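Chemist: what follows is a predicted structure for the sequence shown.
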Amino acid sequence: MKASGFSALFFALSLAIGACATGAHAQMLPASAMKGKHVLFIGGATKKGEPSDDALVCRHLEQMGFVVTAKEDQDASTPPAGTDLIVISSTADARLLQQRYTASTIPAFTWNTYLYPEMKMTGPHLHTDYEVVDPQHFFARSYSELYGYGAGNTSAIAEAAGLKPQLFGTLYLEPQTAGWGRPAEGATIITTFEGDSGKAGVFAYERGSMMYDNFAAPARRVGFYLSNANFHLLTAVYGPAAKDPQLYDWYAGLRLFDAAIRWAASPPPAMPQPLKTGSFNADGKKLLYVERKFAFEGEETDEHIVAHLKQMGFNVTVADQMDPETRAEGEDAILISATCSKYKLSNKYVDTPVPVLLLEALYSDTLRLTGRDRYVNYGEHGEPNESDDPPEAYLKIIGAWHPMAAGLPPGIVQVLKERGMMKWAVPEPSAIAIASLPGEAEQKAIFDYEKGSAMYGGFIAPGRRELFPLDNDAFDDLTPQGVALFDAAVEWLVSPQKPREGNGKTESAGLR
Amino acid sequence: MSNMYIMAATILLAALPEVASPATAQNGAAWHLGAEYKLHGAGAVANLWLDASSRRLYVAHSDQVEVLNADSGRSEGSMPAHDAAGIVVVDNTSRGFFANRGSDAVTVFNPATLAAIRTVPLQAKNPESLVFDSDAQRIFVIAPGSGEVIALNPHSGEIEGRIALKGHLRQAVSDGMGSLFVAAQDLNLIHVVDTHSLKFLGDFPSGDADGPVSLAIDPFGRRLFVACSGGKLAVIDTDIGFTFEELPIAAGDPDSFFTFSPQGKGGWKGADFVAGDAGTLTLIQMNAFIRYSEGGNVSIPRGVRALAYDSKTHRIFLSVSAPHPEVLTLVPASSEVTQ
């Protein structure tokens, strides 16, 4: 992962872009920057005769440049001043550690699956929220854990490791003990097991993102699928085979570990400042607003949204839902209004490389934002004739670290002045989740797929895709916080997206 | 199927009906020293080569290559040499080859008569190991003094090419599929060379095993056994260059070989044998293609320089140089394995 001259230049440029354009994409430090950083390694004793790879891991971390201080799980002393990263092995006794590091503002990286609930990284239920799959008790399934899926392919960790949205080899060939967790809604899921998008092998929480039990991450957190003695079996490829791109992609385990460690030890982005209405100027960017013209409901609101967008500095063109997709050519962004009929829209704007902000959540499946099962993959609260769920005026901010969260703190925020219809969808793990419906962790209201992300069914996002559910008349009912979220979503829609960095041999920036 | 595969398959099939084999001995106590073969010349023994079909044991021995009857130890002749090292006899060409470190040359000889056919000046320093690659039908000479690998035609002895490699080169082995692996002791790397194009293909790291010296190969499992001077043996998947197992061996300058010896369910599937300076023969037990474990140690005289395995009698030949040069035999305890 050494930076070439070009990638170093790109890295500097991307930092500059991040600073001036998106404001909050902090860098993932280059491998060379790990030198001298202090790791506190927490391990424990294994049963007599059982092997442990802790010494190997410590040596590997030292080879990465870290200064490693090893400590036993029984030592409850506070981490030494200057500790940059806490690494917790599965050999440490989770019952001893309990919540010793849960609220620590030092980043933590762990493969201690039983510690996930204590760290608020998952819920508390064994086999449901987290599980350790070992060959003795789960022989057949332990074979399945040899295969991971690159679910969060546009995350910084995945990009640094060169992970693609496809299967890869997690551990070398022989069934091993591996752990998974079902993270809370604010997590970024990097890899999954067994075809279950919630069974995360590698997952991460950005500082400020929502962990389990409404606990906002006090620092970066990473969970990894390892166990006591299989670090040395993390896949890697050398020699002639390393030049074969498909073999290189397959043997990604050690690269993932290194990238995840590096991400955890890199500084998080500064938390976004509260967005000031009117502070953004689109500077004449071209935006196509797709609506149902002469709609009997919502027409006035469409006019208000268009006026608002113009106020933001957009050069807005209004298109009817029946207009051809070619209307999007040359545009910088597309907004699809809730007044549109999903049926009449057909499959338009699915393949366009132009960024799309969708206000009509029922169109989520067509755009591949989610699956096709209504009320399972997408749905609404507060629809009088169709929904079992009551109307809603609040959302829960789960991705406070991201610019799309408009600087709002983690937790509940009122977005509508009065309770009304609130739509949702369940995105794939590669989406950046900003807000969910209160009490419904799976149901995300605001989220984003970056260009290149693996969307539903393996569809690769041809451009940025966002959901911001806003029913026909709801725009006029937005609270100031709601308007701030809307503006942040629009601003992010046209913000530069950093180029994909690909094969794990270049540096990358930010969690996303 | 390459010739090497046919050869290896023959070894495997021959071993199948055997109840006992080297790996029958699941600990060191099941082995004992057998006959000692005295050598005539002075000077350290550098290498051994067993031609199992002709029952001849070639002993590279300072200023000569002594040839012994493998079963009786009786001398069957000798060939003059200049600090002899690696030896190879290629059955299908009726040619034998040995390296002369002292004259930087390879001698081509007739194994039937032990008469020298020609001397091939290598223009490379200190040639040591010789390897025959059945896939490319080439002899490879490892010359650590100049950091080169030289390819020879096994029929004519002509030099067909050479490639420079980095580091202090030690032993080499071929997989019979077009790859030659060469240990670079000081770099902790195994170089991979295409035996056809003679191009460098890449490196395998030896993991945490320090100082790769001796290489042995299991062509079926595609496993490379890398015995290291630092006291570890690395097992590498040759498909991907990945070290998935590291096991302790005695520190020092080792020699090694691998042989299949299937023992049925739960038993040994094969074994890698390692010996060197420390007075210990270490057995690495193959339990499966993906699982290996420590298989015990046998006390042997110190200062072993070379090993050879007799697939017919399952004996191991060891060369020692002190107090005087000789070849020792190591015999599995079970009487069923001896003739």
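Modeler: Okay, I see it.
Chemist: so what does the residue in the stretch 101-250 of chain B that chain A sits nearest to look like in phi/psi?
Modeler: Residue of the stretch 101-250 of chain B nearest chain A, by C-beta to the nearest C-beta: B:G241 (3.3 Å). For every residue, glycine as well, the C-beta is placed using N, CA and C. Dihedral angles of B:G241 (phi, psi; degrees, to the nearest 10) stand at phi 70, psi 20.
Chemist: how about whatever helix or strand B:N297 lives in, does it reach chain A?
Modeler: Counting by DSSP states H and E, the element that carries B:N297 is strand B:291-299. Yes - part of strand B:291-299 sits near chain A under the criterion C-beta under 8 Å from any C-beta of the partner chain, namely B:R291.
Chemist: so what are the sheet partners of that strand and their directions?
Modeler: If you go by DSSP bridges, strand B:291-299 pairs up with strand B:280-288 (antiparallel).
Chemist: the residue of the stretch 101-250 of chain B closest to chain A contacts A:Y238, correct?
Modeler: Yes - B:G241 lies in contact with A:Y238 (C-beta atoms under 8 Å); the separation is 3.3 Å.
Chemist: more neighbours: the two, which one.
Modeler: B:G241 (24 against 21; other C-beta atoms under 10 Å in any protein chain shown).
Chemist: check contacts around that one.
Modeler: A:V237, A:Y238, A:G239, A:P240, A:A241, A:A242, B:I190, B:V192, B:G202, B:D203, B:F204, B:P205 (C-beta atoms under 8 Å, 6 or more residues apart in numbering or on different chains).
Chemist: what sits against B:A227?
Modeler: Neighbours of B:A227 in contact, by C-beta under 8 Å, 6+ apart: B:P212, B:V213, B:S214, B:L215, B:A216, B:L233, B:I249, B:P254, B:D255, B:S256, B:V274, B:G276.
Chemist: now do the same for it: helix, strand or coil?
Modeler: Under DSSP: H, G, I helix; E, B strand; the rest coil, B:A227 falls in the strand class.
Chemist: pLDDT value on it, please?
Modeler: B:A227 is assigned 97 on the pLDDT scale.
Chemist: get me the contact residues on chain B for chain A.
Modeler: Counting by C-beta under 8 Å from any C-beta, chain B sits next to chain A at B:179, B:190, B:192, B:201-205, B:207-208, B:237, B:239-244, B:246, B:290-291.
Chemist: returning to what we had before: common neighbours of B:G241 and A:Y238, please.
Modeler: B:G202, B:D203, B:F204, B:P205.
Chemist: what about the strands in the stretch 201-350 of chain A?
Modeler: Here the stretch 201-350 of chain A has its strands, by DSSP state E, counting those that start in this stretch, at A:221-223, A:286-291, A:315-320, A:333-336.
Chemist: including distance to B:A164 and mean pLDDT, could these go into CSV?
Modeler: Output for the strands of the stretch 201-350 of chain A, formatted as CSV (distance: least, C-beta to C-beta, whole Å; pLDDT from 0 to 100):
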stretch, distance to B:A164, mean pLDDT
strand A:221-223, 44, 98
strand A:286-291, 60, 98
strand A:315-320, 64, 98
strand A:333-336, 58, 98
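Chemist: pick the most buried one from those strands.
Modeler: Neighbour counts (mean count of other C-beta atoms under 10 Å in any protein chain shown) averaged over each of the strands of the stretch 201-350 of chain A peak at strand A:221-223, with a mean of 29.
Chemist: quick one: strands adjacent to that strand?
Modeler: strand A:108-110 (parallel), strand A:196-205 (antiparallel).
Chemist: centroid-nearest residue for the chain?
Modeler: All of this refers to chain A. A:T188 (3.3 Å; C-alpha atoms, centre = their mean).
Chemist: not quite, I wanted chain B
Modeler: Most central in chain B (C-alpha atoms, centre = their mean) works out to B:F257, at 5.5 Å.
Chemist: hmm, B:Y309 and that one touching each other?
Modeler: Yes - using C-beta under 8 Å, B:F257 is in contact with B:Y309, at 5.0 Å.
Chemist: overlap in contacts of the two?
Modeler: With C-beta under 8 Å, 6+ apart, B:F257 and B:Y309 have common neighbours B:F273.
Chemist: next, the nearest residue to B:D218 once chain neighbours are set aside: secondary structure please.
Modeler: Of all residues not flanking B:D218 in the chain, B:F258 sits nearest, at 5.2 Å (C-beta to C-beta, 6 or more residues apart in numbering or on different chains). Secondary structure for B:F258, judged by three-state DSSP, is strand.
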